[in-house]
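Trainee: Dropping a prediction and its sequence here:
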Amino acid sequence: MTLTVTPLKNIGAEVSGFDITQPLSEAVEQELRDLWYEYGILLFRGQTITPENQIEFSRIFGPLELHPLKVKTSDEYPELFVLENGTDKDNYMLARYNGEPIVGRLDWHMDLHYTARPNHGAVLTAVQVPSSEGLTGFGDLAMAWDALDEETRALLEKLEVAYSFSMQRKHMRYVNLEGYQPGENLPRKPSDIGFPDFADAVYPAVVTHPVSGRKVLEIVEQFLDRVITPQKFGLSNDESIELLERLVAHTRKPEFHYFHQWQEGDMILWDNWRIMHCATGTPPGVRRVINRTTIMGEVTLGRVLDGE
């Protein structure tokens, strides 16, 4: 099997010459791992995907873990997490944005970031998707770090930032709330969906990727709460808030992003230690089914805040 790599717009790469139904040599598996770390996001099109071969493919990149939101886990394949729009459960994922009802929209985030031990990566496969809408966006935080000026990078090397889990988007400090109106049936506290009440997680503002060694800007808008003890580093609380606002705006720059319009047979692998992602959502009643497998994070990148 000979792989051909074509860079995507801005970030990531499409891999052609790959067939998930065929056995892979150790050399091809290593090539795929190397490409994963090089590009952060890999897109494979035209695949004949089953739950079994998605799970097998995902294990090339590490052991799998079960998603904590067990209500969306497949009974037959516990490693598989099913993301589904267009059902009678749409009302539990619905909110209005500038008056338009949208199901399943998600802000920029890194999975399990609120635990201090985010998963290493994930694989998404398109089972049933609309011809428009329902995009998944990806953002490269290593590129975002590289684009910062030296003075900002020197400051961030000293800082830690806290993430505070919340079920209600209106309580998140750094997401864009303009035109947002929560739906009546959205969960209001973690226990509503079987989650624990997570303690705050703290990360260095810049993290060194455990495998590639690249510096990664550890600033993601969802759940971002505050700089830890900014006064120790010559910042007032106001200055630390303004710094986070500036950094969030920086991560939103289009040159760090790739938005994928799904087609059936598409498969995307990304490195969750480097890449943030988001979902644009769909109008109510629009059918969209994406299967996901989660690659375990075997390294603790942050720490749980206990008593501070």
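Mentor: Structure received.

Trainee: Helices along the stretch 101-250 of the chain, start to end?
Mentor: Counting by DSSP state H, counting those that start in this stretch, the stretch 101-250 of the chain has these helices, from start to end: 141-146, 150-156, 237-251.

Trainee: Would you tell me which one of those helices is buried the most?
Mentor: By mean neighbour count, with neighbours taken as mean count of other CB atoms under 10 Å, helix 141-146 ranks first of the helices of the stretch 101-250 of the chain at a mean of 21. Any C-beta I mention is one placed from the backbone N, CA and C, and that applies to glycine too.

Trainee: which residues sit against it?
Mentor: Identification of contacts with helix 141-146 by CB atoms under 8 Å, 6 or more residues apart in numbering yields 11, 40, 153, 206, 209, 214-220, 250-251, 253, 255-256, 274-276.

Trainee: rewinding a little: compare the helices of the stretch 101-250 of the chain and give me the one nearest M172.
Mentor: helix 237-251 (10.9 Å; CB to CB).

Trainee: Does anything pack onto that closest one? Which helices or strands?
Mentor: The contact analysis (3 or more CB pairs under 8 Å, 6 or more residues apart in numbering; DSSP states H and E) places helix 237-251 against helix 141-146, strand 215-217, strand 224-227.

Trainee: Send me it as PDB with only the CA atoms.
Mentor: Extracted in PDB, the C-alpha atoms of helix 237-251 (Å, rounded to 0.1, in the frame of the first residue of the first chain):
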ATOM      1  CA  ASN A 237      -6.700  40.400  37.200                       C
ATOM      2  CA  ASP A 238      -7.900  42.800  34.500                       C
ATOM      3  CA  GLU A 239      -4.700  42.400  32.500                       C
ATOM      4  CA  SER A 240      -4.900  38.600  32.800                       C
ATOM      5  CA  ILE A 241      -8.500  38.600  31.500                       C
ATOM      6  CA  GLU A 242      -7.500  40.900  28.600                       C
ATOM      7  CA  LEU A 243      -4.600  38.500  27.800                       C
ATOM      8  CA  LEU A 244      -7.000  35.500  27.600                       C
ATOM      9  CA  GLU A 245      -9.400  37.500  25.400                       C
ATOM     10  CA  ARG A 246      -6.500  38.300  23.100                       C
ATOM     11  CA  LEU A 247      -5.300  34.700  23.000                       C
ATOM     12  CA  VAL A 248      -8.800  33.300  22.300                       C
ATOM     13  CA  ALA A 249      -9.200  35.800  19.500                       C
ATOM     14  CA  HIS A 250      -5.800  34.600  18.100                       C
ATOM     15  CA  THR A 251      -6.900  31.000  18.100                       C
END
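
Trainee: ok so, going back, save the helices of the stretch 101-250 of the chain as a markdown table, and put in mean pLDDT and distance to E298 too.
Mentor: Converted to a markdown table, the helices of the stretch 101-250 of the chain look like this (pLDDT from 0 to 100; distance: least, CB to CB, whole Å):
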| stretch | mean pLDDT | distance to E298 |
| --- | --- | --- |
| helix 141-146 | 98 | 20 |
| helix 150-156 | 98 | 25 |
| helix 237-251 | 98 | 26 |
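
Trainee: Just put these in a markdown table and tack on distance to K89.
Mentor: Shown next, in a markdown table, are these (distance: least, CB to CB, whole Å):
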| stretch | distance to K89 |
| --- | --- |
| helix 141-146 | 32 |
| helix 150-156 | 40 |
| helix 237-251 | 30 |
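
Trainee: Return the helix or strand containing F259 as CSV; C-alpha atoms alone will do.
Mentor: According to DSSP states H and E, F259 maps onto strand 257-260. This file holds the C-alpha atoms of strand 257-260, laid out as CSV (Å, rounded to 0.1, in the frame of the first residue of the first chain):
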residue,chain,number,x,y,z
HIS,A,257,-8.5,26.3,10.8
TYR,A,258,-9.9,23.6,8.5
PHE,A,259,-13.7,23.1,8.3
HIS,A,260,-14.8,19.7,6.9
